[in-house]
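A.B. asks: Sequence and predicted model, in that order:
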Amino acid sequence: MPKIADIEGTPNKNALKFILKEPLTWGIARSYDNAEAAQDDPLASALFDIDHVTNVFYIDHWITVTQDGEANWQDLAREIADPIRAAPAATAQSAETVAAADTILANLSPEDQVRLEKINIMLDEEVRPYLQHDGGDLHILGLEGNILRIHYQGACGTCPSSISGTLRGIENMLKTIEPDIQVVAI
């Protein structure tokens, strides 16, 4: 049962980031845009049962919850804290899921694997730390030719700047290693 170490605001005024003393997962990102998508996730389902919650994203030691803008954060944060505290901490099963996800990359051609590795290194060093600090992240969905498909998670998934300025910044940064790349947010 994770304990909340801190609560931080994010650049998205409708999202709060809860920092935990114990991890919820080991490297597995969970992102849900609605209650229906979260129906198989007990923590996310419990959070969507709270009025005004519109998005849930969590990974490792933190969880970002986004609201519709109609609730007072002080009151809503108290309600949100209960399901977070009741959630189970990460298990060995999470580690197995990470290992299984890594095998998906084996389906890429050797050339695309090298390209994706370079892209991920740049994202890990230059982009993800900032997104994670602000309560979000991005997940690579695919690399097909010169098209890199990404999905924003957490606070970034509902932040207007992630679809415009941040996306252009990521694409321009990646163009230094892949001049013809186009980054598409889904």
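C.D. replies: Happy to help now that I have it. Numbers count the residues shown, from 1 in each chain.
A.B. asks: what packs against the helix or strand where residue 84 lies?
C.D. replies: Assigned by DSSP states H and E, residue 84 falls within helix 73-86. For helix 73-86, the packing partners by 3 or more Cβ pairs under 8 Å, 6 or more residues apart in numbering; DSSP states H and E come out as strand 4-9, strand 15-20, helix 42-48, strand 62-67. C-beta coordinates here come from the backbone N, C-alpha and C atoms, glycine included.
A.B. asks: So for it, mean pLDDT?
C.D. replies: Taken as a whole, helix 73-86 carries a mean pLDDT of 95.
A.B. asks: got the angle between that helix and strand 4-9?
C.D. replies: 140 degrees (axes from the mean of the first three to the mean of the last three Cα atoms, to 10 degrees).
A.B. asks: Can you give me the buried ones in helix 73-86?
C.D. replies: 73, 76-77, 79-80, 83-84 (16 or more other Cβ atoms under 10 Å).
A.B. asks: ok, the residue sitting nearest the centre point of the chain to residue 111 distance?
C.D. replies: What sits nearest the mean C-alpha location of the chain, by Cα atoms, centre = their mean, is residue 153, with 3.4 Å. With the distance defined as Cβ to Cβ, to the nearest Å, residue 153 ends up 28 Å from residue 111.
A.B. asks: which residues in this protein form strands?
C.D. replies: Applying DSSP state E to the chain gives strands spanning 4-9, 15-20, 30-32, 53-59, 62-67, 136-144, 147-154, 182-185.
A.B. asks: Make JSON lines from the ones you listed and add mean pLDDT and distance to residue 89 to it.
C.D. replies: Formatted as JSON lines, these follow (pLDDT from 0 to 100; distance: least, Cβ to Cβ, whole Å):
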{"stretch": "strand 4-9", "mean pLDDT": "94", "distance to residue 89": "13"}
{"stretch": "strand 15-20", "mean pLDDT": "95", "distance to residue 89": "9"}
{"stretch": "strand 30-32", "mean pLDDT": "93", "distance to residue 89": "14"}
{"stretch": "strand 53-59", "mean pLDDT": "95", "distance to residue 89": "12"}
{"stretch": "strand 62-67", "mean pLDDT": "96", "distance to residue 89": "12"}
{"stretch": "strand 136-144", "mean pLDDT": "82", "distance to residue 89": "20"}
{"stretch": "strand 147-154", "mean pLDDT": "82", "distance to residue 89": "19"}
{"stretch": "strand 182-185", "mean pLDDT": "89", "distance to residue 89": "31"}
